[in-house]
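J.: Requesting a structural model of the entry that follows:
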Amino acid sequence: MTVEATSEKADAKLDRPLLILGAVMSVGTFAAALDATIVSLALDSIRAEFSTPLETIQWIITGYLLGIATVIPVTGWAIDRFGSRTMWLTAMGLFLAASLFCGFAWSAPVLIASRVVQGFGGGMIVPIAQAILARAAGPSRVGRTMALVTIPTQFASVIGPTLGGLLVETTNWRWIFYINLPVCLAAGLLAAKLLPRDEPEGKARLDLTGLLLLSPGLALLVFGVSRITGGGSGVVTPMLIGAVLLAGYVVHALRTPHPPIIDLRLFSTRWFRTLAALMAVYGAFFFGAVYLFPLYFQEARGHSTLQAGLDVAPNGIGLLLMLFLGGTLADKLGPRPAMLAGLGTLALGTLVYTQLPADPPVWLLWIALAVRGAGVGLCVGPLMAAVFQGGLPKASIPRATTSINILQRVGGSFGTALFAVVLQSQAGQHAPTAADFSHTFWWVTGLIALALVLTWSLPRGRPAEAAADH
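T.: Here you go, the predicted model:
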């Protein structure tokens, strides 16, 4: 064995310093993931307390995702300007403070506004963790590193629904936000002690013009989609203004001599174009459908909040079991095979929920959720690793990561608004029935099918390796 081969093999191992760093990052990302899984269980209780319709209460999720999409563009600049350690501690502090305000909220608008601010903190947590870990792992270990650090995070999807149901049943929905406080404190203390200091560049430039065009444009488009059931100017006006702002951003991004928030020049490669579209679609059906499952068990099956939490727990178990396999396959074969298998499995599990009027037994619905979770587990590692394996220059990786995260969260915002509109339009003035949910899940399945087509069009292998060979 040559010295180069021996060195490459050693570099491919997940050594102790990398594992410790991954553990520190996991505690913080666990807090954000736990919050997301718990909140979906409390929507019905929040809606009842504030007497608000479904299209309003879904903004508790949509507002959070829009907060994430707004702050992600600033995150890359902030890491360069202030350092990853400082920004990690800032993100955890902001998430903690916003969680406290969510718990104190006295009306739906106050809660939604607090959730947007919470999205600012939560939106920085994942990209900062990804940037720190990707820098430490390198291309040969990034798939397994991302999968490994995601295991504790995705454990939240197993315990989150049950914990959320238990908190709502035994206390009230406000405790689903208060529970974040000890987790955030632990994450901050661990990071302060173990996260190495890094020297900020101090000269990074923020694309303020792009931010002022992109973020409001996206928010207005999503708001317009969420108002479709109301019709009239409540739909046309915000969507029109949003489209104009986004068109302005395109012109700005192509002309500015400075790095824009989303660098449109990255889309010149087939890999990145396809991956960007895939991320947006994945965000739509994954984040958009999060609240549908517990809401179905509560509204159509009449289950309690705690029982609904137990009902959706198999989704997290399936995800956890398959998570590391997806990352390993991505490192060995490239992201395409694992993503095809994962999306196919995900579609199979979701299809069962399109047959709800036939009143399938609960055990079949549990199995379908476990299958669906396994599909997500196969996809998530390869999706996270794909941007690092696409053959982009190293200097372009931070901007590419930022762009991908924005597109995924924006897709989630659109998906959440879209599915809420579809469900509300089916139900009308009445509580949603099994048939209403079944119709909505056909839309989810259609987006998964679109993701399968996009994944199939990805090049085989890893473009980074092909470029290195030449």
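
J.: is it true that Trp88 touches Leu194?
T.: No - the criterion here is C-beta atoms under 8 Å, and Trp88 misses it with Leu194 at 11.1 Å. In short, each C-beta sits where N, CA and C put it, glycine included.

J.: okay, the helix or strand encompassing Trp77 in PDB with CA atoms only?
T.: Using DSSP states H and E, Trp77 sits in helix 59-82. Presented in PDB, the C-alpha positions along helix 59-82 are these (Å, rounded to 0.1, in the frame of the first residue of the first chain):
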ATOM      1  CA  TRP A  59     -48.400  30.400  10.200                       C
ATOM      2  CA  ILE A  60     -46.900  29.100  13.400                       C
ATOM      3  CA  ILE A  61     -45.000  26.700  11.200                       C
ATOM      4  CA  THR A  62     -44.700  28.900   8.100                       C
ATOM      5  CA  GLY A  63     -43.600  31.900  10.000                       C
ATOM      6  CA  TYR A  64     -40.800  29.800  11.600                       C
ATOM      7  CA  LEU A  65     -39.700  28.600   8.200                       C
ATOM      8  CA  LEU A  66     -39.700  32.100   6.800                       C
ATOM      9  CA  GLY A  67     -37.600  33.300   9.700                       C
ATOM     10  CA  ILE A  68     -35.100  30.600   8.900                       C
ATOM     11  CA  ALA A  69     -35.100  31.500   5.200                       C
ATOM     12  CA  THR A  70     -34.600  35.200   6.100                       C
ATOM     13  CA  VAL A  71     -31.600  34.600   8.400                       C
ATOM     14  CA  ILE A  72     -29.800  31.900   6.500                       C
ATOM     15  CA  PRO A  73     -28.400  34.500   3.900                       C
ATOM     16  CA  VAL A  74     -27.000  36.500   6.800                       C
ATOM     17  CA  THR A  75     -25.400  33.500   8.400                       C
ATOM     18  CA  GLY A  76     -22.600  32.900   6.000                       C
ATOM     19  CA  TRP A  77     -21.600  36.600   6.200                       C
ATOM     20  CA  ALA A  78     -21.900  36.600  10.000                       C
ATOM     21  CA  ILE A  79     -19.600  33.500  10.300                       C
ATOM     22  CA  ASP A  80     -17.000  35.200   8.200                       C
ATOM     23  CA  ARG A  81     -17.400  38.500  10.000                       C
ATOM     24  CA  PHE A  82     -17.600  37.400  13.600                       C
END
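
J.: what's the spacing between it and its chain's center?
T.: 12 Å (C-alpha atoms, centre = their mean, to the nearest Å).

J.: how about the following helix or strand past it: buried residues?
T.: Sequence-wise, the next helix or strand downstream of helix 59-82 (DSSP H and E) is helix 84-104. Buried residues in helix 84-104, defined by neighbour count with 16 or more other C-beta atoms under 10 Å: 84-92, 94-103.

J.: Ok, stretch 238-256 next?
T.: The neighbour-count criterion (16+ other C-beta under 10 Å) identifies 238-239, 241-242, 245-246, 248-249, 252-253 as the buried residues of stretch 238-256.

J.: which of those residues lies closest to Glu49?
T.: Pro238 (27.7 Å; C-beta to C-beta).

J.: Which elements pack onto the strand or helix carrying the closest one?
T.: Per DSSP H and E: Pro238 is located in helix 233-255. Helix 233-255 is packed against helix 208-226, with contacts defined by 3 or more C-beta pairs under 8 Å, 6 or more residues apart in numbering; DSSP states H and E.

J.: residue ranges with poor pLDDT in this protein?
T.: Within the chain, the set of residues satisfying pLDDT under 70 comprises 1-19, 134-154, 157-158, 198-204, 226-235, 327, 388-398, 460-470.

J.: Break it down into its structural domains.
T.: Domain assignment for the chain by automatic domain parsing gives 16-193+262-462, 208-260.

J.: okay, those domains, which one's buried deepest?
T.: Each of those was scored by mean neighbour count; the highest is domain 16-193+262-462, a mean of 21, by mean count of other C-beta atoms under 10 Å.

J.: what's the angle between the longest helix seen in the chain and helix 59-82?
T.: In the chain, assigned by DSSP state H, the helix with the most residues is helix 16-50. Per axes from the mean of the first three to the mean of the last three C-alpha atoms, to 10 degrees, the angle that helix 16-50 makes with helix 59-82 is 150 degrees.
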